[in-house]
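1. quick one: sequence and predicted model below, then my questions.
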Amino acid sequence: MKNAAGKKDDTLDLIVRQLGTVPLDYTDKFNLIKKKRVSDKAWLAAGVLIPLFFRKNPGDAEGGEFVFQLIKRSSGVPQGGDLSGPGGMLNTMLDRPLASLVATGILPSLKGKARSFLRKRDPASRRTARLFFANALRESWEEVRLNPLNVELLGPLPSYSLTLFTRTIFPLVGLVRKEWNFRPNWEVEKVVEIPLKSLFAEDSYGVLSVEALDERESSKLNWDLPCLIHADIDGSEEVLWGATLNIILSFLKIVFNYDPPTGNENKVIKRTLKPGYLTGK
């Protein structure tokens, strides 16, 4: 697995094939969300891009490694400091026309084997996957100016429903074709590149001890959760946890059949979530 992660073409072929055949729950989840919108239990849907980039080794035309290009949320948003893929809430007025461009090929973000695998799915699944891919592309442009023309779909991952929020994430893995200039909006602090090989290293994992004030119940909540600890190039220590970690771990399981460790209890990081984290306000 570790060696395969560095072979660009073989790894991309494996990713597209595995994601192209994984069971997809998008249609059922999206239909359920639409039903909840007319009840007193409104639920939100969000498309999220999981960007994968092959960073070449300087001076070596063949060598390099895959990295996940995640964003770190700024202090101006309720979940400030968290790592995630760029994305956000579905806006059908904007995202449906963009999905049509993806479907026709005018926007060349869906092509090759990934397009062939998507065509083999039922019509409803194809439409829903394209819709949330368009959603994720739009949000990636708005948040960090990642050009949709620079992203190629590798495949969808199963949806992920949050436990703390009434929200379901529809994550899609995309290949970032070439280097790009990161220009964040107010929601984003920076881009953090986490090498794919780091996710195969047991010593990358630890435990995040989280304390939060539940303002809805006026009580304190405590969790000990698995996390991945990453030393960023700027010298900071970044922690990948929660929904984004679980989504990326599902990618590792589907593509490489890899089960990560549960977390090294000798590597504990403590974090207090700021007020408003749980309510989004």
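-> Yep, that arrived.
2. where do the strands sit along the stretch 51-200 of the chain?
-> Ranges of strands within the stretch 51-200 of the chain are 64-73, 83-84, 87-89, 151-156, 160-161, 167-176, 188-195, based on DSSP state E, counting those that start in this stretch.
3. what lines up beside the third one in the sheet?
-> Partners of strand 87-89 in the sheet, by DSSP bridges, are strand 44-56 (antiparallel).
4. now swap in the fifth one and tell me
-> When pairing is defined by DSSP bridges, strand 160-161 lines up against strand 167-176 (antiparallel).
5. output the strand it pairs with as PDB, nothing but the C-alphas.
-> Extracted as PDB, the C-alpha positions of strand 167-176 are listed here (Å, rounded to 0.1, in the frame of the first residue of the first chain):
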ATOM      1  CA  ARG A 167     -26.300  17.900   8.100                       C
ATOM      2  CA  THR A 168     -25.200  15.200   5.600                       C
ATOM      3  CA  ILE A 169     -22.000  15.500   3.700                       C
ATOM      4  CA  PHE A 170     -21.700  14.200   0.100                       C
ATOM      5  CA  PRO A 171     -17.900  13.800  -0.400                       C
ATOM      6  CA  LEU A 172     -16.300  13.400  -3.800                       C
ATOM      7  CA  VAL A 173     -12.600  12.800  -4.500                       C
ATOM      8  CA  GLY A 174     -11.100  15.000  -7.100                       C
ATOM      9  CA  LEU A 175      -7.600  15.100  -8.700                       C
ATOM     10  CA  VAL A 176      -6.100  18.600  -8.700                       C
END
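6. could you check the angle that strand makes with strand 151-156?
-> Orientation check (axes from the mean of the first three to the mean of the last three C-alpha atoms, to 10 degrees): strand 167-176 against strand 151-156 gives 130 degrees.
7. residues of stretch 260-277 that come out buried?
-> Of all the residues in stretch 260-277, those buried under the rule 16 or more other C-beta atoms under 10 Å are 260, 263-264, 273, 277. The C-beta positions use only the backbone N, C-alpha and C, and glycine is treated the same way.
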